[in-house]
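**Student:** Sequence first, then the predicted structure, then my questions.
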Amino acid sequence: MILGLDVSTSITGATVVDSDGKIVYNEAWDLRKYKDFFQKAEVVKGKIWELEDTFLIKEIYIEQSLQSFRSGFSSAKTLSTLSRFNGVVSWLCYDILKTAPEYIAATSARKKVGITVPKGTKAKECVIKHVIDNVPDVAITYTKFDNVKPECYDKADSWVIAMAGHIQCKTKN
C-alpha cells in the first residue's frame, strides 16, 4: 500500500492506494478548528495511527513543501510554518509507519499522472477537473452555491501524490 499526503496546517489530504493503484482510502483531515500547531500535530498523529491499524503501508509520498517566494503567494511566516508542519508529519509517518517518506514536487507529481496546467491557469483547478472527470473514487462534494468544497482540493492533491508515488514505485521495480 502507498500513502500519499498533501500536508497543510488547515486541511491535510490523505490517500492510500493498493499495488494496482486502486484507492482504498481518500480523506481530508480538517485541522482548521485547532488553533495550536501541536494540537494539529496530535490530530494528524491519531489519523496516522488509524492508517497503521488499517493498512500495511510500505511507501509514503509527501508533497514537497514550497521553498521559495512568489508574488501573490504565501508569506515567509506561512512558508516557515508549513515547512515545520511538513517535517513533523514526516517524522510521525516514519515513527508510526516505520517507513521514511519520499518527497515529490507538485509539478512533477501532476506530470507523472498526466495532468497539464496551461499557462495562466490555476493548478488546483486543473487537478480538480482531472479528478472529477477521471477518478470516480475521489468523492467531490459541493457547497450550496455549487462550488467545490475546500477539502476536496486536498483529497484530489493527495490522490495525485499517491498515484505519482505508485507510478514511481512501478518504475523502480
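**Tutor:** Right, received. Where do you want to start?
**Student:** Quick check: Ser158 is in a helix.
**Tutor:** Yes - membership of Ser158 in a helix is supported by DSSP: H, G, I helix; E, B strand; the rest coil.
**Student:** and Lys129, how many neighbours?
**Tutor:** Neighbours of Lys129 under the rule other C-beta atoms under 10 Å: 14. Where C-beta positions appear, they are placed from N, C-alpha and C, glycine not excepted.
**Student:** try Ala105
**Tutor:** Neighbourhood size, Ala105 [other C-beta under 10 Å]: 14.
**Student:** I'd say it and Ile62 touch.
**Tutor:** No - proximity of Ala105 to Ile62 does not meet the contact threshold set by C-beta atoms under 8 Å, at 10.8 Å.
**Student:** what's the spacing between whichever strand or helix holds Gln168 and its chain's center?
**Tutor:** Assigned by DSSP states H and E, Gln168 falls within helix 150-172. When distances are taken as C-alpha atoms, centre = their mean, to the nearest Å, helix 150-172 is centred 7 Å away from the chain's centroid.
**Student:** Mind giving me the packing neighbours of that helix?
**Tutor:** When contacts are defined as 3 or more C-beta pairs under 8 Å, 6 or more residues apart in numbering; DSSP states H and E, helix 150-172 packs onto strand 2-6, strand 11-17, strand 23-30, strand 59-63, strand 102-104, helix 106-112, helix 123-134.
**Student:** Pull out the buried positions in the first one.
**Tutor:** Of all the residues in strand 2-6, those buried under the rule 16 or more other C-beta atoms under 10 Å are 2-6.
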